[in-house]
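Q: Provided below for reference: sequence and predicted model.
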Amino acid sequence: MPTDAWQELAAIQDALLALPEDDFAARAPLLARRDALREVARSSPMSADDERSDEDLAAEAMSLERAIEAHVAGRIDLVQQAGSSLAAGAGSDGWGGVQLNQAVDAAQGLGRMQARLRRIREVLAERDG
């Protein structure tokens, strides 16, 4: 994937982080473009990272780290959601929150972001070592 496409992907991640989560009209085209760019990245050979500069890879890694942190910060807090164990009743075991967190993780591509971040770190580590 060309460097300018990686830069566009990083810019889209930054733009998504800057938007309110409930601004669906503004987020929809960015998410569609992000998904299209990710598909191109998936179909590109992994050696394409070898052609990119350390600075470019580091910028993408930083953008991914911010996106992952923002995603994790937005998860349902299972401890707070459950409340006091004395007041717990039927269905208060937190399983619903776990399932919601997992569904949102999958929908937002958390696993793909984490895998991409690991790959970038591997490439940078190989260059340093």
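A: Thanks, I have the structure now. All values reported here derive from a predicted model rather than from experimental measurement.
Q: As PDB, could you dump the C-alpha coordinates of the helix or strand of the chain with the lowest mean pLDDT?
A: When each helix and strand of the chain is scored by mean pLDDT, DSSP states H and E, helix 78-82 comes last, with a mean of 74. Taking C-alpha atoms only, helix 78-82 is exported to PDB below (Å, rounded to 0.1, in the frame of the first residue of the first chain):
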ATOM      1  CA  LEU A  78     -18.500  -3.700  34.600                       C
ATOM      2  CA  VAL A  79     -17.700  -3.000  38.200                       C
ATOM      3  CA  GLN A  80     -19.600   0.200  38.200                       C
ATOM      4  CA  GLN A  81     -22.400  -1.300  36.200                       C
ATOM      5  CA  ALA A  82     -22.900  -4.100  38.700                       C
END
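Q: tell me the mean pLDDT over stretch 120-129?
A: The predicted model gives stretch 120-129 an average pLDDT of 88.
Q: Which residues does it contact?
A: With contact meaning CB atoms under 8 Å, 6 or more residues apart in numbering, stretch 120-129 is reached by 49, 50, 54, 57, 58, 60, 61, 64. Using the backbone N, CA and C atoms, a C-beta is placed for each residue, glycine as well.
Q: 10 Å - rerun?
A: For stretch 120-129, the surrounding residues in contact (CB atoms under 10 Å, 6 or more residues apart in numbering) are 46-47, 49-50, 52, 54, 56-62, 64-65.
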